[in-house]
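Engineer: Generate coordinates for the sequence data below:
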Amino acid sequence: MSHLPSTPPEPWHSFLTELDQTASEEVRLECLGGFVVTQLYGRQRSTADIDILFAVPGLDQKLIEKTRQGSELHKKYGVYLDVVGVASLPYNYDERLKEMFPRAYRHLRLFALDPYDLALTKLSRNIERDRDDVKYLARTIPFDLRSFKIDMKTSYGLML
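Structural biologist: Next up is the predicted model:
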């Protein structure tokens, strides 16, 4: 896993800077998906969105409208925020969040799911790109398979 830079690369940085300038209070973005896999864990693949959870403090409908697919910001930068309405989140995932790009923005704070929690959310979707992301995470972190099985049992009641 490579060292995380102080800001994300373009066009993400400009997009997030403009979003930060529209906020008047702290906005917490809990991120999951391909953006986290590429920016935090170094996987080389493209993604045009930041998947975020909806129910976080400071995230209001106006902010969502400014950043959604098809918005002016999306047209300007080619990237957007995608609010995930339904996600299979592991128990107490919020206790394991890691801040991405601390102090890069005045109002925005981006947090990423921990690699095990991220893998669990991706496995629940079960599409090829997500399975490939999980394989990448398992090799890169590397995963402690015993811990991963315990997480799956605890989070989803799976018999492994």
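Engineer: contacts and neighbour counts: CA atoms only from here.
Structural biologist: Fine.
Engineer: Hmm, Tyr105 is touching Thr17, no?
Structural biologist: Yes. Between Tyr105 and Thr17 there is a contact under CA atoms under 8 Å: 6.7 Å.
Engineer: Tell me where the model's unsure across this structure.
Structural biologist: Across the chain, the ranges flagged by pLDDT under 70 are 1-3, 54-59, 147-160.
Engineer: quick one: the helices in it?
Structural biologist: 12-22, 34-39, 61-67, 72-77, 115-125, 128-140, 145-156 (DSSP state H).
Engineer: Can you lay out those helices as a markdown table showing distance to Leu53?
Structural biologist: As requested, these are exported to a markdown table (distance: least, CA to CA, whole Å):
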| stretch | distance to Leu53 |
| --- | --- |
| helix 12-22 | 16 |
| helix 34-39 | 13 |
| helix 61-67 | 11 |
| helix 72-77 | 19 |
| helix 115-125 | 12 |
| helix 128-140 | 17 |
| helix 145-156 | 18 |
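Engineer: now these in JSON lines, with mean neighbour count?
Structural biologist: Shown next, in JSON lines, are the helices of the chain (neighbours: other CA atoms under 10 Å):
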{"stretch": "helix 12-22", "mean neighbour count": "17"}
{"stretch": "helix 34-39", "mean neighbour count": "21"}
{"stretch": "helix 61-67", "mean neighbour count": "15"}
{"stretch": "helix 72-77", "mean neighbour count": "16"}
{"stretch": "helix 115-125", "mean neighbour count": "21"}
{"stretch": "helix 128-140", "mean neighbour count": "16"}
{"stretch": "helix 145-156", "mean neighbour count": "14"}
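Engineer: out of these, which comes closest to Tyr93?
Structural biologist: Closest of the helices of the chain to Tyr93 is helix 115-125, at 6.7 Å (criterion: CA to CA).
Engineer: quick check: angle from that closest one to helix 128-140?
Structural biologist: Angle, helix 115-125 to helix 128-140, by axes from the mean of the first three to the mean of the last three CA atoms, to 10 degrees: 150 degrees.
Engineer: In terms of secondary structure, what does helix 115-125 contact?
Structural biologist: On a contact count with 3 or more CA pairs under 8 Å, 6 or more residues apart in numbering; DSSP states H and E, helix 115-125 meets helix 128-140, helix 145-156.
Engineer: Touching it from outside, list them.
Structural biologist: 32-33, 87-90, 93, 130-131, 133-134, 137, 141, 143, 148, 151-152 (CA atoms under 8 Å, 6 or more residues apart in numbering).
Engineer: For the residue nearest to Gln39 when sequence neighbours are not counted, the count of nearby residues, please.
Structural biologist: Counting by CA to CA, 6 or more residues apart in numbering, Gln39 lies nearest to Pro8, which is 7.1 Å off, once chain neighbours are set aside. Per other CA atoms under 10 Å, the neighbour tally for Pro8 reads 16.
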